[in-house]
Each structure stands twice: as structure tokens, then as C-alpha cells.
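Enquirer: have a look at this prediction, sequence included:
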Amino acid sequence: MSIKVLFFASLRDEIGRGDDELDAANINTVADVWSAVSEGKAMPSNLLMAVNQDYVNADATVKDNDEVAFFPPVTGG
Amino acid sequence: MSIKVLFFASLRDEIGRGDDELDAANINTVADVWSAVSEGKAMPSNLLMAVNQDYVNADATVKDNDEVAFFPPVTGG
Amino acid sequence: MPKVVLFEGAFEPYRELMAFEAGLVQQHGAGQYGATTSFVGTMRDFNEGDDVSAMFLEHYAGMTEKALEKICEQAMADYPILDCLILHRVGEIKPNDSIVLVAAWSAHRGAAFDAARMLIETLKTDAPFWKKETLKDGARWVEKNTDG
Amino acid sequence: MPKVVLFEGAFEPYRELMAFEAGLVQQHGAGQYGATTSFVGTMRDFNEGDDVSAMFLEHYAGMTEKALEKICEQAMADYPILDCLILHRVGEIKPNDSIVLVAAWSAHRGAAFDAARMLIETLKTDAPFWKKETLKDGARWVEKNTDG
């Protein structure tokens, strides 16, 4: 399964990159994606997540070719 | 005592004039002014009153050369 | 410094706001406010279920300006705002004409919203203006404002 | 129809508002709204006690526009408003630059105020934007917005 993963703002700085192409088996949920890309880092409690540009929870399912994004609380306006 | 009296909007239409020069003795309060100019008409419960362009109550005192205004609820904005 | 203006003819509320804001920046320097809330009241062509083709806005010259200035002072005292502005039309007006603009500038949005709301609500109860609507078959005084 | 625009360079919020409003009158006819509330967020040169000389506004191209459009749809569903507008700056910005405008048009002022407030509050929690401030000695991500 191929997943495009995006990181924004301070999380991108922490993770050390802005995007990732995840190509792995055994990926069912957004939480699985996080585990696969975060090198063991616990999921921050205020982390925001989106699949194909819609907000979701960590237990949302992902499928092949989805775009999954992780980012910190937003600070626009 | 000489008092300038003003009426606005629907009240002016009802009273039949926009202003009055009141020249009378025994005038102590705004209520007295109303009695002297309204030809026995009872004071409307929602009547607004001003002396020298500041809102007052009916029992506010008036003095020589004051400008007293009576008007209905305001509807600007 | 708060400003109050009555207009006897049509006025463009946002152009006036922009001009006032330019003065604000000149007076206080750039970057001093983060939030501006403005409200513009525009003449509708309907009210209470009737078509309204024109309106006359009567005021009490002298007291009206004084009342608006007091409302600005009260807003400056009650909210942490940098400045505020009230513009109001008087005389004969047509549908789609601007009637009123109120605006408040603050560091944060809460105060800007609260102050702008207070400005228009207080204007609606305290400022000596009276609307007379022209209908198809005559004219009528508006007896009270709609609730905010 | 609600409109959402992201600007990569400086924009003049009230000129954009006036242009949108002209389209509104053309679309619906004159006299259809009586109340417009707008909020403009402007970059301050101070935050959390520090001087801020510049700011970078990051966004998530695609999702940001989608999130703003959803906020507009929600406002149109939740309040009796005729229309609404959201404009937001992205990229490098300087003190006194406009960051955001939200505006709502309605028959009455209550709905216009409530909808404008909802637009900016929801934008502040839901729209993917992140501010990075340039200070004298480095840069920092803004961690959370101030309360409304």
C-alpha cells in the first residue's frame, strides 16, 4: 500500500522532513501511518490529522494512494 | 421664565408643531413643561426627554433659557 | 481619537473607514492593533412585510452628535480598544444606501467584536434619530428598532 | 455565493469587501441586506511580550481552501445570512499587513454579528494555517491562538 504523508509547521521541523512516501503492508489506520513514519515517537495529544484533506481521528482507516497529513494546532487568522 | 421647547418625529406630527417658546411662571420641572405645552395630553409612557441636549427624567428641574426636547423612542442605525 | 460624523448625502463607509485607519496608523505607529470589527447598516427595500421605496432620517442637530460622542467615550472606557468610529447618514435616503458604520480597533478580536456590538446597540437605543418610511400609499414613522 | 480567497501578497481587505458587495447587489438586487459585519485581523508588531518584525504564514494548499469553504457553508446553514466572505493571507508578512477578513451579510444585525464571529472563531480552530514569528534573536512557531 502506498500512502503520501505530509507534515506541517513545527511538526515538520521535529520530524525533520515535510513529506514521505510510505510503502508498507499492515497499515490500516492513521495511527498505523504515524507509527510507521515517526520512528517510535508518541503521538502528541494535540496532534491534528487529515486524510485526503479532511480532518479525521487516529482510528480512521486509510487505503492505497491516500494523502495523510499530520500537523500541530492551527494558528491562522 | 423662558423655555425653548422642541418636538421631534411622530410626536411633532401629533403635537402639530416642531418648537415652542414657553414663557410662563410656575414651571419647575420637565413634567411642568410638558403640561404647559401639551394641552392636557398625558405623557406617553415611552416618551424621551432632554434638557440642553442631555437625557433627563420628567422630574428634572428646568431653569430660564433651557432647551427642553420631547421625542418618541429613537430608530436610527 | 474617536470620531463621529453625520453625512447629509451618500457616503462610502469602507472608504471612510480606510481613511480613518490611515490616520490611526500615523498617530499610533504601525502594528498597534490586531483586530478591527466594523458594522454597516444598509437601507433595505422591505420592512415589517412592506415595500419601502425611500426613507427620511430625522435627527436632533447638536444632541445627536453629542449622544454619539458619549457612546464612543463609553466604549473607550468599557473595552480595551485603541480607537472607534461612528458614521451616520441623515436626511432623504434610498434602498441600498449606507445608513451607519461603527468600527472598533483593538489588540485582540474579543474586545473589537464586543465594542462594535456595544456601539451599534447603544446607538440604536440612545442616539436621537428617527426613520420615516415612504411606502406605496403614504409614509409612516418606524416605531421601534428590530431587536439586535 | 460564499467566496474564499488566499492571497500570496498584500491585499486591501476593504477594497475586496467592496468589490464582493458590488457583486452581491448585482446578483440579488439592491436593498436585500440591512446588516454587514466584518472582521479584519492585522499583524501586530508585538506578541506575548516580544517584538515581532515579520511573520511567515504557512498553509496546507488544497486543504486550507477546502476548510475555509466548509466554514462558509456551515455559517450559511447556521445563520440567516445572505452571503459571506473569507480572505486570508499566506507567506511572508510584515507588521500592519492584513492577515484575514471575514464578513457576513444579513437582513438584521444580530445574525451578521453572530455569523462573522463564528467565521473567525471557527477559522482560528479549524483552518490549516500556522504562524512563525521572526524575533530579534531567531524565529518561533506560534503554539496557540489567543482566546477570542
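Expert: Structure received.
Enquirer: tell me which parts of chain C are close to chain A?
Expert: Residues of chain C lying close to chain A (CB under 8 Å from any CB of the partner chain): none. (Each C-beta comes from the backbone N, C-alpha and C, glycine too.)
Enquirer: please name the nearest non-neighbouring residue to the closest residue to chain B within chain C.
Expert: Chain B sits closest to C:Phe129 of chain C, with a gap of 2.5 Å, by CB to the nearest CB. Spatial nearest neighbour of C:Phe129, chain neighbours left out: B:Gly76 (2.5 Å); criterion: CB to CB, 6 or more residues apart in numbering or on different chains.
Enquirer: just the element for the one you found, please.
Expert: Following DSSP states H and E, one finds B:Gly76 outside all helices and strands.
Enquirer: the residue of chain C found nearest chain A and chain D: what is the separation?
Expert: Nearest residue of chain C to chain A, counting by CB to the nearest CB: C:Arg109, 8.1 Å away. Using CB to the nearest CB, to the nearest Å, C:Arg109 is found at 5 Å from chain D.
Enquirer: phi first, then psi, for that residue.
Expert: Main-chain dihedrals, C:Arg109, degrees, to the nearest 10: phi -70, psi -30.
Enquirer: tell me the contacts of it?
Expert: C:34-35, C:37, D:39, D:41, D:120, D:148 (CB atoms under 8 Å, 6 or more residues apart in numbering or on different chains).
Enquirer: all strands for chain A, in order.
Expert: Assigned strands in chain A, in chain order: A:2-7, A:19-23, A:48-51, A:54-56, A:67-71 (criterion: DSSP state E).
Enquirer: so A:Ala60 touches A:Val51, yeah?
Expert: Yes - if you go by CB atoms under 8 Å, A:Ala60 and A:Val51 touch, sitting 5.7 Å apart.
Enquirer: quick check: neighbours shared by those two?
Expert: Contacts common to A:Ala60 and A:Val51, judged by CB under 8 Å, 6+ apart, are A:Val30.
Enquirer: now residue 66, what are its backbone angles?
Expert: Defaulting to chain A. Residue torsions, per degrees, to the nearest 10, at A:Asp66 are phi -70, psi 150.
Enquirer: look at chain C instead
Expert: Per-residue torsions, C:Lys66: phi -60, psi -40 (degrees, to the nearest 10).
Enquirer: please give the element, helix or strand, for the closest residue to C:Arg117 other than its chain neighbours.
Expert: Leaving out its chain neighbours, the residue that sits closest to C:Arg117 by CB to CB, 6+ apart is D:Phe113, at 5.7 Å. Here D:Phe113 sits within helix D:109-126, counting by DSSP H and E.
Enquirer: okay, the angle between that helix and helix C:109-126?
Expert: Helix D:109-126 runs at 180 degrees relative to helix C:109-126, counting by axes from the mean of the first three to the mean of the last three CA atoms, to 10 degrees.
Enquirer: in helix D:109-126, what's buried?
Expert: Under the neighbour-count criterion of 16 or more other CB atoms under 10 Å in any protein chain shown, helix D:109-126 has D:109-124, D:126 buried.
Enquirer: try stretch C:20-27
Expert: Neighbour-count burial for stretch C:20-27 [16+ other CB under 10 Å]: C:20-21, C:24.
Enquirer: dump these into TSV; add secondary structure as well.
Expert: Listed next are the buried residues of stretch C:20-27 as TSV, based on DSSP: H, G, I helix; E, B strand; the rest coil:
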residue	secondary structure
C:Phe20	helix
C:Glu21	helix
C:Leu24	helix
